[in-house]
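> based on what follows, work out the 3D shape:
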Amino acid sequence: MARLFSKEKDIFLKIINSILVLWLITAIVITFGVGIKIVNKDKVLTYEQYSKEVCMLDKIPQEEIDSTTTQNNCRNSYKYEKKNIEKMNKANANNFLIGLSNIVIVALFMNLLNKKTK
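From the prediction side, this is the model:
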């Protein structure tokens with residue numbers, strides 16, 4: 001880190017190094033946050049679990065459950081939520097890979113920019 005802002009560097013390189021350091025720190029924080037989301041991802045409930053926990057079909061009187069509207073609304077809501085959870089999990093995996101590539105590219109660029117020539 002001391003070589004990034006040493007006195008022999010001109011002001012242009014110091015500015016570039018400070019931007020790259022901020023970029024690297026931001027990429028690490030974002031990647032860490034997305035990694036936590038991946039580890040703690042939302043589970044996809046089965047339709048039976050969803051109908052009991054969310055729609056509460058087991059608590060509705062039997063004569064109302066027979067109405068197709070209630071069941072169709074619950075089924076449509078389940079499909080919509082399941083699709084959204086799967087999309088979010090996939091997006092988190094993609095964001096994690098993008099964050100990792102950001103870290104690697106910025107770190108390599110910083111290394112090449114500040115490499116001492118012999």
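> contact partners for the closest residue to residue 20 other than its chain neighbours?
Leaving aside its sequence neighbours, residue 20 sits nearest to residue 110 (CB to CB, 6 or more residues apart in numbering; 4.9 Å). For every residue, glycine as well, the C-beta is placed using N, CA and C. Applying CB atoms under 8 Å, 6 or more residues apart in numbering, we find residue 110 in contact with 4, 17, 20, 21, 24.
> tell me which helix or strand residue 116 sits in.
Per DSSP states H and E: residue 116 is located in neither a helix nor a strand.
> ignoring the adjacent residues along the chain, who's closest to it?
residue 3 is the one closest to residue 116 (CB to CB, 6+ apart), at 7.6 Å.
> what subset of the contacts of residue 110 is buried?
4, 17, 20, 24 (16 or more other CB atoms under 10 Å).
> make a markdown table out of these and add pLDDT, distance to residue 93 and secondary structure.
Shown next, in a markdown table, are the buried ones among the contacts of residue 110 (pLDDT from 0 to 100; distance: CB to CB, whole Å; DSSP: H, G, I helix; E, B strand; the rest coil):
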| residue | pLDDT | distance to residue 93 | secondary structure |
| --- | --- | --- | --- |
| 4 | 71 | 32 | helix |
| 17 | 89 | 31 | helix |
| 20 | 93 | 26 | helix |
| 24 | 95 | 22 | helix |
